[in-house]
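> Below is the structure, and that's it, no one-letter string:
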């Protein structure tokens, strides 16, 4: 028996968000246009930076540039799957799921983080948008959707990054994994 490739076995969203991060590094425009349309952002905004597995509260207190004013120990280990910083200093935080559903307690922590980022930032962060990325086979409950600014699916990602056929197959696979 030949050992199957890990990409055909894993159900971990970090694997798929890592692929997406690299696609975004290569060309942010497809993702930005999708998010701009879903969030109804002004056309003049641009993406100024992107991050993968961002441990915002821990890392924002270290280094030469301090991004937040005070320490929040309870949130220092919280990571955001993907973060896009916009040209007006706004942030888009993407919480991704492949096999799993969103959990309201996790989304509640994201909403708390959203408020704290705006409250504690050294430079004004005018908006923090929370985006859920999940399978098209999953329909979040209304109370779940209300905690997010918008929801996008792995099928949406496969569509906007359709020229990357190998990665498109990974996105389609991520979409197929819900509850498996």
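Looks like it arrived, so ask away. Not measured: the values here are computed from a predicted model.
> tell me the strands in this structure, going along the chain?
47-54, 80-86, 91-96, 128-134, 150-153 (DSSP state E).
> so which of the ones you listed gets nearest residue 171?
Smallest distance to residue 171 across these (C-beta to C-beta): 9.2 Å, for strand 150-153. Any C-beta I mention is one placed from the backbone N, CA and C, and that applies to glycine too.
> quick one: residue 57 from residue 127, how far?
The spacing between residue 57 and residue 127, counted by C-beta to C-beta, to the nearest Å, is 18 Å.
> higher neighbour count, the two?
The residue with more neighbours, out of residue 57 and residue 127, is residue 57; 24 against 15, by other C-beta atoms under 10 Å.
> In this protein, which helix is the longest?
helix 104-120 (DSSP state H).
> for that helix, packing partners?
The elements that helix 104-120 packs onto, with contact taken as 3 or more C-beta pairs under 8 Å, 6 or more residues apart in numbering; DSSP states H and E, are helix 56-59, strand 91-96, strand 128-134, helix 142-145.
> Reformat these as TSV; add distance to residue 18 and mean pLDDT.
Below are these laid out as TSV (distance: least, C-beta to C-beta, whole Å; pLDDT from 0 to 100):
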stretch	distance to residue 18	mean pLDDT
helix 56-59	18	80
strand 91-96	10	96
strand 128-134	13	96
helix 142-145	25	90
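> Now that we have those, can you turn them into JSON lines and tack on distance to residue 167?
Compiled in JSON lines, the helices and strands packed on helix 104-120 are given as follows (distance: least, C-beta to C-beta, whole Å):
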{"stretch": "helix 56-59", "distance to residue 167": "26"}
{"stretch": "strand 91-96", "distance to residue 167": "15"}
{"stretch": "strand 128-134", "distance to residue 167": "15"}
{"stretch": "helix 142-145", "distance to residue 167": "27"}
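> of those, which approaches residue 175 most closely?
With distances scored as C-beta to C-beta, the stretch of the helices and strands packed on helix 104-120 nearest to residue 175 is strand 128-134 (8.6 Å).
> Perfect, I'm done here.
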